[in-house]
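J.: Structural data only, the sequence is not supplied:
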């Protein structure tokens with residue numbers, strides 16, 4: 001059996017205390033390369049990521065989606081292309097050792113995309129704010145109404161066949177990245193599913209859900225993205 005080439009993309013903005021822990025917990029027997037995209041951090045994120053063994057890219061334009069797009073461009077330039085790309089946050093709120101379960105439906109059932117659902121897994125108390133929980137419920141409801149999609153979460157911990165990801169022609173540079181990926185996958189009739197993943201309190205302060213402004217902007221962008229492609 002030929003082993004699949006799995007690369008991991010980690011967008012990171014000022015996560016010096018967490019990024020090394022994320023990298024350390026990623027199953028090294030599973031992945032080929034770990035890429036951290038430093039999204040204009042002002043701390044030691046890059047230094048700590050390199051020390052933990054990751055490849056570090058720098059993206060000066062802030063934005064979650066922008067960092068992801070930079071990582072994808074790097075993967076496109078590799079002579080040996082990835083079979084699967086895994087996305088995970090740098091704040092250590094996910095459990096990287098659950099990556100085996102995340103990619104299993106792709107490897108064994110030919111899924112194109114797998115979303116790690118926090119709604120289906122165990123959430124540590126306080127790991128998601130009330131606006132986050134409500135926003136996810138509203139977004140997944142709208143995805144069902146407008147696209148007939150079956151999702152319970154917009155969780156950032158996800159895996160996708162690399163070529164299928166390229167076929168999506170991702171565009172969003174900010175908070176609408178995750179929902180754009182999911183709705184485009186549904187519109188292109190790709191095979192997708194969810195797996196339960198656990199979730200814990202992040203290290204440090206959230207730049208999105210930790211502020212009223214960030215929460216509002218994220219919610220607005222997610223809903224507007226859903227309506228944009230309807």
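T.: That came in fine, so what should we check first? A quick note: this is a predicted structure, and the numbers were derived from the prediction, not measured. Residues are numbered from 1 along each chain as shown.

J.: Look at residue 73 and give its secondary structure.
T.: For residue 73, the assignment made with DSSP: H, G, I helix; E, B strand; the rest coil gives helix.

J.: what does residue 116 give?
T.: Under three-state DSSP, the three-state class of residue 116 is strand.

J.: What's the separation between it and residue 215?
T.: 21 Å (C-beta to C-beta, to the nearest Å). Yep, even glycine has a C-beta here, placed from its N, CA and C like the rest.

J.: Show me which of those two is the more surrounded one.
T.: residue 116 (27 against 18; other C-beta atoms under 10 Å).

J.: Could you check the pLDDT of the more buried one?
T.: Residue 116 is assigned 98 on the pLDDT scale.

J.: Likewise for residue 211?
T.: 58.

J.: For residue 107, list the residues it contacts.
T.: Contact analysis of residue 107 by C-beta atoms under 8 Å, 6 or more residues apart in numbering lists 4, 84.

J.: So which bits of the helix or strand containing it are buried?
T.: Assigned by DSSP states H and E, residue 107 belongs to helix 99-109. Within helix 99-109, the residues scored as buried using 16 or more other C-beta atoms under 10 Å are 99, 101, 102, 103, 105, 106, 107.

J.: looking at it, residue 99 is touching residue 31, isn't it?
T.: Yes: counting by C-beta atoms under 8 Å, residue 99 touches residue 31, with 7.4 Å between them.

J.: what residues do those two have in common as contacts?
T.: 8, 86.

J.: Can you give the distance of the helix holding residue 107 from its chain's centre?
T.: Distance of helix 99-109 from its chain centroid, counting by C-alpha atoms, centre = their mean, to the nearest Å, is 16 Å.

J.: Could I get the average pLDDT for that helix?
T.: The average pLDDT within helix 99-109 is 98.

J.: quick revisit: hmm, which two among the buried residues of helix 99-109 are most spread apart?
T.: The distance between the two most remote of those (C-beta to C-beta) is 12.4 Å, for 99 and 105.
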